[in-house]
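>>> task: produce atomic coordinates for the following.
(one chain, ligands or ions: 1)
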Amino acid sequence: KRVAILISGRGSNMMSLVAAADGAYEVALVASDKPDAAGLGWAKAQGLATWALSPKGIGKPAYEAALDAALRDAGVGTIALAGYMRLLSDDFVARWRGRILNIHPSLLPKYKGLDTHARAIEAGDSHGGCSVHVVTEELDGGAVLGQAEVAIEPGDTPETLAARVLVAEHRLYPRVLADFVAQTS
Ligand code: GRF
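So this is what the prediction gives:
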């Protein structure tokens, strides 16, 4: 039931996960690779436990060892990536196998990686959307646990589509995380 949320930036998905936590899961830690991430200040103001460390200077193995220790100290069973913009190493993924989720702003398996909305518009797709998936060693490649579709409107830009998909992300992620935690713990 104890979940850590990993962020790198504004943290709007983290905020929606915190707001929706109603007993199905408990946010035990908000962690970031960016000590100045906007979302961290919000989490602290909510009285949540936070952790932040930049891998710059110390290197990825030392950073991930410290992150792993912080997660274990917090008694975390599930990790929810929410706008966490750093690739986790294969070692880290293996240590937390099947217990890391991510939200990705496309209808996977379409448009793994970056610039998802621009690519969906460019391709002439009728819909964009978002997916919550299990994190594996393959980028945006693990089992999809839930998706929400968002219609692409004439005149949509990557920014206007992203804004509507983000609203769908905020609804989808808490629901999928709650179901996942219920099934796995
Ligand atoms: C979201 O669109 C998420 O799908 C993507 O990065 C964005 C993060 O936004 N991985 P936020 O930090 O949750 O506001």
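>>> now V132: which helix or strand?
Using DSSP states H and E, V132 maps to strand 127-134.
>>> buried ones in that strand, by neighbour count?
By 16 or more other C-beta atoms under 10 Å, the buried positions in strand 127-134 come out as 128-134. Bear in mind the C-beta positions are built from the backbone N, C-alpha and C, glycine included.
>>> can you give me the buried ones in the helix or strand where V167 lies?
Secondary structure from DSSP H and E places V167 in helix 158-184. In terms of neighbour count (16+ other C-beta under 10 Å), helix 158-184 has its buried residues at 158, 161-162, 164-166, 168-170, 172-174, 176-178, 180-181.
>>> could you list which of those residues also contact the ligand?
Under the cut-off given by C-beta under 6 Å from any ligand atom, the ligand has 166, 169 from the buried residues of helix 158-184 close to it.
>>> give the contact list for N13.
The contact partners of N13, taken as C-beta atoms under 8 Å, 6 or more residues apart in numbering, are 7, 82-83, 103, 169-170, 173.
>>> so which of those residues is the closest to P154?
P154 lies nearest to E169 out of those, by C-beta to C-beta, at 22.8 Å.
>>> not counting its neighbours along the chain, what's nearest that closest one?
C130 (4.6 Å; C-beta to C-beta, 6 or more residues apart in numbering).
>>> and the pLDDT for the one you found?
Here, the pLDDT recorded for C130 equals 98.
>>> run through the bridge partners of it.
For C130, the beta-bridge partners under DSSP bridges are A148.
>>> which residues does it contact?
103-107, 147-148, 150, 165, 168-169, 172.
>>> helix or strand for the closest residue to A162 other than its chain neighbours, which one?
In space, and not counting its chain neighbours, A162 is closest to H117: 5.0 Å by C-beta to C-beta, 6+ apart. Assigned by DSSP H and E, H117 falls within helix 116-122.
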